[in-house]
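>>> What shape does this take:
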Amino acid sequence: MKPSTNRMLTRIKSMYVFIRRKGTVTTQDLVEEFGITPRTIQRDLNVLAYNELIQSPSRGLWTTTAKKVKLTS
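Numbering: from 1, shown residues only. Have a look, this model is predicted:
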């Protein structure tokens, strides 16, 4: 796996864990927490949403779904 792909997957996993821990977060919360651009955050959120791991109950808010996930280190 390319180093850039590995970094992306690690970042997406970290974002998922952050959202799950906080309950509901805004896109801006994620920008501030991870220090990356809003566009990169949005791409990562799209990956999580496509895989039905998160949902947006209203514009700009994100929460995890009930889908079971096994997290490994």
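
>>> List the residues that contact the most centrally placed residue in the chain.
Centroid-nearest residue in the chain: residue 15, 3.7 Å away (criterion: Cα atoms, centre = their mean). For residue 15, the contact set (Cβ atoms under 8 Å, 6 or more residues apart in numbering) comprises 30, 34, 41, 44, 45, 48. C-beta coordinates here come from the backbone N, C-alpha and C atoms, glycine included.

>>> So the third one versus residue 6, what's the distance?
It stands for residue 41. Going from residue 41 to residue 6 by Cβ to Cβ, to the nearest Å gives 19 Å.

>>> More neighbours: which of those two?
Neighbours were counted for residue 41 and for residue 6 using other Cβ atoms under 10 Å; residue 41 has more, 20 against 10.

>>> In three-state terms, label the more buried one for me.
Following DSSP: H, G, I helix; E, B strand; the rest coil, we place residue 41 in the helix state.

>>> thought residue 13 was touching residue 72?
No. Taking contacts as Cβ atoms under 8 Å, residue 13 lies outside contact range of residue 72: 9.1 Å.

>>> who's more crowded, those two?
Neighbour totals were compared for residue 13 and residue 72, and residue 13 leads with 16 against 4 (other Cβ under 10 Å).

>>> Now do the contacts for that one.
Applying Cβ under 8 Å, 6+ apart, we find residue 13 in contact with residue 71.

>>> phi, psi of it?
With angles defined as degrees, to the nearest 10, residue 13 sits at phi -60, psi -40.

>>> Find me the pLDDT at residue 69, would you?
Note on residue 69: pLDDT of 83.

>>> So what's the residue count around the closest residue to it other than its chain neighbours?
Spatial nearest neighbour of residue 69, excluding adjacent residues (Cβ to Cβ, 6 or more residues apart in numbering): residue 53 at 6.4 Å. Around residue 53 there are 19 other residues, counting by other Cβ under 10 Å.

>>> So residue 53 is in contact with residue 67, correct?
Yes. Using Cβ under 8 Å, residue 53 is in contact with residue 67, at 5.9 Å.
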